[in-house]
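**Student:** Below are the sequence and a predicted model; questions follow.
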Protein chains: 2
Amino acid sequence: MNVQVLPPRGGAEPVATVLVVDDEAAITELVGMALRYEGFAVTLAATGREAIRVAQEIRVDLVVLDVMLPDLTGLEVCQRLRAWRDVPVVFLTARDATADKITGLTLGGDDYVTKPFSVDELIARIRAVLRRSGRLGTDSTVRYADLVLDEDAYEVTRHGIRIELTPTEFKLLRYLAHNAGRVLSKAQILDHVWQYDFGGNDNVVEAYISYLRKKVDRFSPPLIHTVRGVGYSLRLPRR
Amino acid sequence: MNVQVLPPRGGAEPVATVLVVDDEAAITELVGMALRYEGFAVTLAATGREAIRVAQEIRVDLVVLDVMLPDLTGLEVCQRLRAWRDVPVVFLTARDATADKITGLTLGGDDYVTKPFSVDELIARIRAVLRRSGRLGTDSTVRYADLVLDEDAYEVTRHGIRIELTPTEFKLLRYLAHNAGRVLSKAQILDHVWQYDFGGNDNVVEAYISYLRKKVDRFSPPLIHTVRGVGYSLRLPRR
DNA sequence: GGGATTTCTCAGACCGCTCTCAGACGAGAT
DNA sequence: ATCTCGTCTGAGAGCGGTCTGAGAAATCCC
């Protein structure tokens, strides 16, 4: 029935160990909470030196690294880590970062995400980097019924027919697909899919659900269902 | 799961330990009483600091946390608790919300409920969060005779046939099902199923029982029974 | 810089849901 | 049988959640 792994991955061993480095506790909290829920083991650090110390003590599969830290720059931390052991990195950068600061960040299979980011987007990037580095399975697709969503190629098909989505539509559908069968409230969707500083109201979720329906549920059977007073759910129709 | 367990769960050990934090004694009293009745062990706190102190002294499985406390915000309390030990949280927020749009409340598998809430709704959310965090069985269904009620999917079936219910009908049936075999007065039902500030009269319960009968007791045998002068009961017919 | 695309807001329409009222119904008492 | 009181239920008003088109604002991309 449920295609995807829905429960928060019980007692089994973690998917991977992630070190989250940022001087803002709000950010490390946010990211740590979401990663733990997704089954990752998480360690937090507030400074570059602390990050390096931690990375030498425990095995880390990936580092989420703010480029602006109080003591060292993200690139310096990255270099010192790499001198010790090769570990993939996802950088966090300010939105207005100039191009020259960003170049070089994505070398070697790394990636970067600009603040303020959407939590789910960050996790998707983390997964993608882990896949590229061979630390996770290589399948980048999510499937539900005849819907196929390729997270690396940003492509969606139904019945094998290509569906063109805008970035936000894609993120919303990805979140729904990852939680297929589960009812998701508008607040939940806003928390995961939209940037963490989004201040608007949840009508925007209704609007995007409407857009998605026009594109994705043009085919039958409809997969996007409203549960009035509760939220939305991606699933096959029941009877 | 325990559904037919009717008495307020005798001497056995508690289902889980819940810390309820709110500066309004009326709220902590209300919630505490309901939780104890459901077999939870309950501790109350009126301030953020007190909550943190308590959580460090005793093992707590879940925290019910008002986002507006006199000393700290709910998020701050949450952050400090998490630094100490990972514990799931159900937040209480004001509905009118003077733009207290707090995001991220649902990120780590946590949830929130807006005031004024219905007591049973809050308890259902608490159960759901405990289930997701693996601190309770993972079965989200309640069963009685051929009636199955899935609290996560918001779905009800009888004989495996889907029954469409409105939100209030669903909550009422959930309350009846959790107390199957027991006679519940209209006042009791109003107190648990409706928001605690509901000002109307009992007739609304009669009306909803009537709706439920049309949908649920369309099948035989009838499960919803009137005990004249006392209340209602969900059970198999006698003799 | 300017055009195209995307995001977000707003407002209106729609319609399902909630709750009330009032009268019908029925059980139990006398 | 009749009365009384509690319960049931149809009708309907009002509310509120959801959907969607239109357009403003932001962003992207060449």
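**Tutor:** Thanks, I have it. Numbering: from 1, shown residues only, chains lettered A, B, ... in the order given.

**Student:** Next one: the residue of chain A found nearest chain B from DNA strand C, what distance?
**Tutor:** In chain A, the residue that lies nearest chain B is residue A:33 (3.6 Å; Cβ to the nearest Cβ). Bear in mind the C-beta positions are built from the backbone N, C-alpha and C, glycine included. Note on residue A:33: its distance to DNA strand C, by Cβ to the nearest atom of the strand, to the nearest Å, is 22 Å.

**Student:** which residue sits closest to that residue, ignoring its sequence neighbours?
**Tutor:** Closest residue to residue A:33 apart from its sequence neighbours, by Cβ to Cβ, 6 or more residues apart in numbering or on different chains: residue B:108 at 3.6 Å.

**Student:** State the helix or strand in which that neighbour lies.
**Tutor:** Residue B:108 belongs to no helix or strand when assigned by DSSP states H and E.

**Student:** is it true that it touches residue A:36?
**Tutor:** Yes - the pair residue B:108 / residue A:36 is scored as a contact, 6.5 Å apart, by Cβ atoms under 8 Å.

**Student:** How about the secondary structure of the residue in chain A positioned nearest to DNA strand C?
**Tutor:** Here the residue of chain A nearest DNA strand C is residue A:200; by Cβ to the nearest atom of the strand that distance is 2.5 Å. Under the three-state scheme (DSSP: H, G, I helix; E, B strand; the rest coil), residue A:200 adopts coil.

**Student:** and it, how many neighbours?
**Tutor:** Residues contacting residue A:200 under the criterion other Cβ atoms under 10 Å in any protein chain shown number 10.

**Student:** I'd like to know which elements the helix or strand encompassing residue A:176 is packed against.
**Tutor:** Per DSSP H and E: residue A:176 is located in helix A:167-178. Applying 3 or more Cβ pairs under 8 Å, 6 or more residues apart in numbering or on different chains; DSSP states H and E, we find helix A:167-178 packed against helix A:119-132, strand A:141-144, strand A:147-150, helix A:186-193, helix A:203-216, strand A:231-234.

**Student:** can we see that at 6 Å?
**Tutor:** Applying 3 or more Cβ pairs under 6 Å, 6 or more residues apart in numbering or on different chains; DSSP states H and E, we find helix A:167-178 packed against helix A:186-193, helix A:203-216.

**Student:** domains of chain A?
**Tutor:** Using automatic domain parsing, the domain parsing of chain A gives A:17-132, A:141-234.

**Student:** worst-scoring helix or strand of chain A, pLDDT-wise?
**Tutor:** Here the helix or strand of chain A ranked lowest by mean pLDDT, DSSP states H and E is helix A:99-102, holding a mean of 56.

**Student:** following it, which helix or strand comes up?
**Tutor:** Downstream of helix A:99-102, the first helix or strand assigned by DSSP H and E is strand A:111-115.

**Student:** Ends of stretch A:62-70, what's the gap?
**Tutor:** End-to-end distance of stretch A:62-70 (Cα to Cα, to the nearest Å): 21 Å.

**Student:** Could you give the bridge partners of residue A:141?
**Tutor:** Beta-bridge partners for residue A:141, by DSSP bridges, are residue A:150.
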